[in-house]
Every structure is written in C-alpha cells, then in structure tokens.
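**Q** below is the sequence, then the predicted model.
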Amino acid sequence: MVRGLHARAQPRARGDHRPQRAAQPRQARRAHGRHGRQVSVHGDDWPADPWELLRAWLPSNDDPVRPTMTLATVAADGSPDARTVLLSELDDAGFYFHTDSRSRKLEQIAAHPRVALVIPLPEHKRQLTVQGTTEDVDPSELAWAYAHRSDYLRRLAWLNTPELAALPLAERIDRWAGFEPDEPPDTWTGRLVRPTRLTFWAGRDDTASRRIEYVRRDGTWVAHVLPG
Ligand SMILES: Cc1cc2nc3c(=O)[nH]c(=O)nc-3n(C[C@H](O)[C@H](O)[C@H](O)COP(=O)(O)O)c2cc1C
C-alpha cells in the first residue's frame, strides 16, 4: 500500500446506495470468513468462496490508504504492457480502478478486454494475482468514486494532460495551485475487472510458500492448491 500522491482516495459514505451495483462496500478488514472461520492459504481447508479471502486480505473500501495494483494489458499488436493503478474499490463483482479515457491502457483494453492484476502485500507475505475481463462502470459508481477522492486526485483527473506535462515546472505549479476541481471531467472514467481466476500466494518463514487458486467454471469457483 502506498501513502503517496495517488494513494488517498476517500472512503465511500455509508448508506450511499447504487442500485445497479452487486454489493454494498465492505466496512472493515476481516481476518475471518463470513461465519467467523479463520481463512488462511496455509490452513487445511479454505473457503469455497474466494471473496472470504479477498475480504480478509484487502482493506475496507472505507480505508483512505488504497492498495496499488499492477494492471497488465495487451496492445492491439499483441505486445504486453503494465502500469500501477490504485484499487479504488472492491465489491462482489470485482476490482475497480479509475483513469483517463484517453489513456493507452484504455485503448489497449478496447482491443483486448482481458487483463491481469497483481496486488503485492509484502507486509503480510502475500500476493494476489487476478485474471479477468474489464467492464465499463455505471455513472453512479463514477460519481461516487470522484466525490470520495482526495483534492489531489480530483485535480489530477483534470490536469494530468500532455499539455500540462510539456510546460516548465513553475507554470505547472501555478496552474495546479490555481485550479479548483468541482465536477469530474468527461475524460475521467473507471473500469471493473471481473475476475475469472484468483490466485492467493502466501509465504511463511517455517515452510514453503503456497498458493490457492480459484478458477471460475460453469458459474462456480473451483479451488486447488499450487506450490508457491
Ligand atoms: C502509486 C501509483 C498509483 C497510480 N494510480 C493510478 C490510477 O489509479 N489511475 C491511473 O490512471 N494512473 C495511475 N498511476 C499512473 C499510471 O501508473 C500510469 O503512468 C498512467 O496511468 C498512464 O498509463 P498508460 O499510458 O499505460 O495508460 C499511478 C502511478 C503510481 C506510481
């Protein structure tokens, strides 16, 4: 997790209902599954529903310190590409990130909507990798996400342009300081990554690391153990 410039999206308000969305936001980090059961990659049984592990591993949507993810895409000519984005939100549909609609990543996603995510959690000796398919987000999700971002990230949504990037530093600082972001720009957008494969890697000092991998088959999650 990063506390830097990009990292401070603001929490989603309780009671902010978005009817088209699959789930309410998670409220708290939980080390236990839905029924109070300890969920662990190294345990003898693991949950049938990978969301029990996701909820235990990832911070609540209310946490202003957002995890970073490497988002891997494939360009129209088949070349791989990757960059860091913030995990804005997790719900029962999947993982959300936000970006500029003119960005290279979205051009690539338009050609190849399948993507991969890597979420490193080294402080817990964990890593989550995801394969999935991207989907547009609905306007209410976008409005919520923009409203709950930090002032810095709202400015960035407006000012992170080739024109500003080409200016001398003093002018870039001036423009930044004089800008008051209100509504989101039309170019600001988000994507949902709906997972088709989820791989939970966990390390330990006293034995080998291992992974639990969940693959979506015929509408259900099938889990198996892999070496780390
Ligand atoms: C810690 C960190 C977090 C970032 N978060 C985002 C993000 O949430 N959305 C985004 O569009 N770019 C984010 N960026 C910038 C991207 O890594 C990337 O430079 C930018 O989106 C352009 O990527 P593209 O040309 O592949 O589209 C972040 C960069 C860093 C270092």
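**A** Done, it's in.
**Q** list the contacts of residue 45.
**A** Shown here is residue 45, which makes no contacts under the criterion C-beta atoms under 8 Å, 6 or more residues apart in numbering. In this view, the C-beta of every residue, glycine as well, is placed from N, C-alpha and C.
**Q** a helix runs through it, doesn't it?
**A** No: according to DSSP: H, G, I helix; E, B strand; the rest coil, residue 45 belongs to no helix; its state is coil.
**Q** what's the separation between it and the ligand?
**A** Noted for residue 45: a distance of 35 Å to the ligand, by C-beta to the nearest ligand atom, to the nearest Å.
**Q** for that residue, what are phi and psi?
**A** Dihedral pair for residue 45: phi -130, psi 150, per degrees, to the nearest 10.
**Q** now do the one 3 residues further on
**A** The phi and psi torsions at residue 48 (degrees, to the nearest 10) take the values phi -70, psi -30.
**Q** dump the residue contacts of it.
**A** By C-beta under 8 Å, 6+ apart, the residues touching residue 48 are 221, 223.
**Q** any idea how far residue 96 is from it?
**A** Per C-beta to C-beta, to the nearest Å, residue 48 is found 24 Å from residue 96.
**Q** tell me the SS of residue 216?
**A** Going by three-state DSSP: residue 216 is strand.
**Q** who touches it in this structure?
**A** Contact partners of residue 216, counting by C-beta under 8 Å, 6+ apart, are 195, 196, 197, 222.
**Q** now for the nearest residue to residue 131 once chain neighbours are set aside, how many residues are close by?
**A** In this structure, residue 131 finds its nearest non-sequential neighbour in residue 197, 4.2 Å apart by C-beta to C-beta, 6 or more residues apart in numbering. Look at residue 197: counted by other C-beta atoms under 10 Å, it has 15 neighbours.
**Q** so residue 197 belongs to a helix, correct?
**A** No: Residue 197: not assigned to a helix; according to three-state DSSP it is strand.
**Q** for it, give its distance to the ligand.
**A** 22 Å.
**Q** residue contacts, that residue?
**A** Applying C-beta under 8 Å, 6+ apart, the residues near residue 197 are 130, 131, 132, 213, 214, 215, 216.
**Q** just the buried subset of the residues you listed, please.
**A** 130, 131, 132, 213, 214, 215, 216 (16 or more other C-beta atoms under 10 Å).
**Q** could you identify the most distant pair in those?
**A** Across the buried ones among the contacts of residue 197, the longest distance by C-beta to C-beta is 13.7 Å; it joins 132 and 213.
**Q** residues from the protein in reach of the ligand?
**A** Residues of the chain found near the ligand (C-beta under 6 Å from any ligand atom) are 2, 4, 6, 68, 83-86, 97-100, 103-105.
**Q** if any of the residues you listed are buried, give me the ChimeraX selection for them.
**A** In ChimeraX syntax, the buried subset of the residues of the chain next to the ligand is picked out as below (16+ other C-beta under 10 Å):
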select :6,68,85,86,97,98,99,100,105
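**Q** of the residues of the chain next to the ligand, which is the nearest to residue 191?
**A** residue 97 (6.1 Å).
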